[in-house]
Every structure is written in structure tokens, then in C-alpha cells.
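In: test case, fold it:
(one chain, ligands or ions: 2)
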Amino acid sequence: MTATPAHTALWPAPHARGAVDATVHVPGSKSVTNRALVLASLASEPGWLRRPLRSRDTLLMAGALRALGVGIEETVSSNSSPAGAGTPTGPGEAWRVIPSTLHGPATVDVGNAGTVMRFLPPVATLADGPVRFDGDPRAYERPLHGVIDALRALGARIDDESRGALPLTVHGGGGLDGGPVEIDASSSSQFVSALLLSAPRFNQGVEVRHTGSSLPSMPHIRMTVDMLRAVGAQVDTPESGGEPNVWRVTPGALLGRDLTIEPDLSNAQPFLAAALVTAGTVVIPDWPERTTQPGDRLREIFTEMGGSCELTERGLEFTGSGAVHGIDVDLGEVGELTPGIAAVAALADSPSTLRGVAHLRLHETDRLAALTKEINELGGDVTETADGLHIRPRRLHGGIFHTYDDHRMATAGAILGLAVDGVQIENVATTAKTLPDFPELWAGMLGN
Ligand SMILES: O=C(O)C1=C[C@@H](OP(=O)(O)O)[C@@H](O)[C@H](O)C1
Ligand SMILES: C=C(OP(=O)(O)O)C(=O)O
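Out: Ligands and ions are numbered 1, 2, ... in the order given. From the prediction side, this is the model:
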């Protein structure tokens, strides 16, 4: 008998038998890990990443940088580990990143990682030969024109046979002029982040001017700016008194740092949602007091939807009240939270309107269409709007919840399964994009 392929396997989403009461250690942030890998690779000295996320997206990033010549070593570390001075954190707890001259020819598999497909073409312009980029079929459909057009305007040579999309080859010339450039980043904030991250190594740095009508995911751009400044880059932003929609990075050497990666707060979402929908309590240790991660907005959003939370020395303690309310909210800044919020909204006691997220149609899948179809197949009443979803809660029933190779569809389905008997998630393994241990963490939270 042949084994069922992972993408067609069905995972019976566990039904909660009562209020959850658990502490869940959530692995490191995808967005922080992949920025840290890029910045450490461009530095002028070695650096450390502690507690990095090891998932499909971050292993693809590390693999690509290694292909360009960067050393990324697994280490047994001791000194300033969060476990305490002198305490070895064990193999696999940290990556040591040893920058080097970047080389081509090289090939890069971006998978379906927005961070890899957008952050690395600017890095590849610094290599001394051609760098070929390819990825999953869906990656061909995701917008990349902002990065390609901007790099060309800044002096790069790029062959993109599909014009504005993958697959493509960046003919690295060992450096890039850089300078002023205009882009429309309304389809992805990652265009801006991509250009800023490599800019300290461009001859003239960069001045990025966003010309589009809207710009999603501002916290992720702030994350880019904060992390650049933390490694010594000089960055001027609209928020630091600069012109609106303009970011400037001055050329200069980057420091190798010792960085402990924060837990992924967007991946904490399904666990917090579990507390909310079962009237339970979930503690997420190491929740940062200050962070640029968009998942921090969950404290406010899930409180408005009926929970309450407190940051204590144990971490973020989140408690559901037994009531789950609908919400009317603009998620433009925190789009990646939409699938989880939609799942909770489908279980609420009043309708919800989720706005500002038209760009989710070009994420891992068309998330607005996928959420509408899958929640409705379970008996729900969701309609797509021009820029989001309108969700009217109804009594749901069991059935197959398709995930479309989207990790956040899988975790959204798991949230529904807590409250609805008989939900089966197709291809839960797709959570490996950012959270490979999801089924085990979920079972652990439920005490199974
Ligand atoms: O820069 C980043 O790390 C990210 C930015 C956002 O992308 P978009 O602006 O394309 O939505 C977000 O949705 C994605 O999950 C991660
Ligand atoms: C949109 C997402 O990912 P990516 O980095 O591939 O854009 C996401 O993780 O929700």
C-alpha cells in the first residue's frame, strides 16, 4: 500500500472538550529570523542568531544565503544565551553567520516565501555572477515587479522572462549604484523592506519613494527599519521627521550582532484564539514588552472580541470570558492575522467586517476567496467585499477544510475545529512554512 501524500492527508482537528489551560512555547518569528539572516550575511563581521525559527521559509532563506557563499553554522553556544550566562543552549539553539564575498553562479529556491523572493534579489545584485531564482508555482503569481523594476532603475541587470515575476536571473555585478527610486508597494510592503535591507551595501545607499495609494503592513516596514538601525545603519523615515512615504538608507558597514529572536506572535494567534473560543487560559512565554511584530495587535483585537490579557513575568496570559464578539476592524497593517480572526469571527455572537486587506488575494493563496469558500462549506455565511470579508456567524457543521498550501488556512481551520465537531484539515503539514510543530503544539495545548 502506498502512503497518502501529505497534501491530500486529512487531519481530524481536535474538538475541545472544555476550557484550555496551557502554556505554549511558540517558536521564533519568521519575519525577524529572515531579516536577521539577511542583515548578518551583509555585515562586515560574524554574528549570532539565537532561537532562530527553523521552518520551510527560514531554511530556504538560510539555504539561499549559503548558496551565495555565506557561512551559516549550527552551534552550541554559551556566553550571552537567554538561558543565563555560561549556560550552553545546546546544538541547534543558535546559528552563527559568517559573511563572505557573495558569489554567483548560484540558484535560489524561494519556495512560496515572500521574504525570500523579495529580500534576496537585491542581495544578489552584490554577487559576482548570475543568481537564478525559482520557486513554487504559486510564487510565480505573487507580485515581484516592485523589486525588479526598482533594482533595474538602480543599475541592476535582470532577466525576467515572465516580466515582473519569477522565475528570473539577477546578473550580479559585485555591487549596485543605488540612489533614488520610486515604487508602488501597494501590493506588498515587502518591496520596501527588500530595498532597504540591502541598501547599506549599495554605493549610494537608497532613497525609496512609495507612490501608490495605500501601503499595507506598516509594522513590518518598521521592523525592517528597527533591525537595520540595530546593526548600525542610518535610516531616515517618515516617522523620524522625513517626507511622507520616503525612506532613506545611507551606505555603510553593518555590525555583526548577537540577536535572540522573539517568538512569532502571528503564530501565537491560534493558541490565543483557543483560549478565546473555549473560555480558557493560554500563556505565551517570552512575549516581548515592545515589538514591531504585527501579532502584538492581537492583545487589542482579541480583547475587543471578548478576551482579556495581561503581560506578566510568565509571558502573555490570555483568558477567554465565554463570550466571543464580532468585530469591525481595518487589518491593513496586520493582514497576516486575517485568517485567524476570520475563524474566530465565524464563531462569534455578532457579525464582523474585516477591512483593508484586498492584497491578501495575492498571498500564499487568495485568502479572501479561500476563507469564504471553506467557512461557507462548513455552513457559514461569509461574503467577500472589495477589500475584505463580511462574516455573519451561523451554526457550523463538520467537513473537510481545504488549505490551498497556506499555513494560516490550516491554523484557521484548527480554531474552527475546537468548537465544531468533525472538521478535517486537508494538508495540515503546510503549517511547516512557518510552524512545523503545529500539530504537536496543538495537541500539547489540549493535553492530548
Ligand atoms: O515583511 C514581512 O516579513 C512580511 C510582510 C507582510 O507582507 P505583505 O506586505 O506582502 O502583506 C506579511 O503579510 C508577511 O507575512 C510578512
Ligand atoms: C503572507 C505571508 O507570508 P509571506 O512572507 O510568504 O508573504 C504570511 O506568512 O502570512
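
In: what is the neighbour count of residue 442?
Out: Residues near residue 442, counting by other Cβ atoms under 10 Å, number 26. C-beta coordinates here come from the backbone N, C-alpha and C atoms, glycine included.

In: and the pLDDT for the residue lying closest to residue 369 once chain neighbours are set aside?
Out: Spatially, and ignoring its direct neighbours in sequence, residue 369 is nearest to residue 384 (6.7 Å; Cβ to Cβ, 6 or more residues apart in numbering). On pLDDT, residue 384 comes in at 98.

In: one more: the one 3 residues further on?
Out: Listed pLDDT for residue 387 reads 98.

In: what do you get for residue 91?
Out: Residue 91 is given a pLDDT of 47.

In: ok, the closest residue to ligand 2 within the stretch 201-350 of the chain to residue 426 distance?
Out: The stretch 201-350 of the chain approaches ligand 2 most closely through residue 336 (3.6 Å), counting by Cβ to the nearest ligand atom. Applying Cβ to Cβ, to the nearest Å, the value for residue 336 to residue 426 is 21 Å.

In: what's the answer for residue 320, then?
Out: To residue 426, residue 320 is 27 Å away according to Cβ to Cβ.

In: identify the residue of the stretch 151-300 of the chain closest to ligand 2, quick one.
Out: Taking Cβ to the nearest ligand atom, ligand 2 has its nearest neighbour within the stretch 151-300 of the chain at residue 190, 6.4 Å off.

In: same question, the chain
Out: Counting by Cβ to the nearest ligand atom, the chain gets nearest ligand 2 through residue 114, at 2.5 Å.

In: find the residue closest to that residue in space, skipping its chain neighbours.
Out: Using Cβ to Cβ, 6+ apart and skipping residues adjacent in sequence, the residue nearest residue 114 is residue 190, 5.3 Å away.

In: next, that neighbour: phi, psi?
Out: Phi and psi for residue 190, reported as degrees, to the nearest 10, are phi -60, psi -20.

In: could you list the domains of this protein?
Out: For the chain, automatic domain parsing gives the domain ranges 10-27+264-445, 30-260.

In: what about the closest residue to the residue of the stretch 201-350 of the chain closest to ligand 2 other than its chain neighbours, distance to residue 26?
Out: Computed as Cβ to Cβ, 6+ apart, the closest residue to residue 336 that is not its neighbour in sequence is residue 266, at 5.2 Å. The spacing between residue 266 and residue 26, counted by Cβ to Cβ, is 9 Å.

In: circling back: okay, residue 320 and residue 426: which has more neighbours?
Out: A side-by-side neighbour count of residue 320 and residue 426, using other Cβ under 10 Å, places residue 320 first with 24 against 20.

In: burial of the residue in the stretch 251-400 of the chain that ligand 1 sits nearest to, as a residue count?
Out: Closest approach of the stretch 251-400 of the chain to ligand 1 (Cβ to the nearest ligand atom) occurs at residue 336, with a separation of 4.0 Å. The tally of other residues near residue 336 (other Cβ under 10 Å) stands at 26.

In: show me the contact partners of the lowest-mean-pLDDT helix or strand in the chain.
Out: Within the chain, no helix or strand scores below strand 71-75, which has a mean of 93 by mean pLDDT, DSSP states H and E. Strand 71-75 is contacted from outside by 37, 46, 48, 62, 65-66, 91-100, using Cβ atoms under 8 Å, 6 or more residues apart in numbering.

In: same thing but 7 Å
Out: Residues outside strand 71-75 that contact it (Cβ atoms under 7 Å, 6 or more residues apart in numbering): 62, 65-66, 91-92, 94-98, 100.
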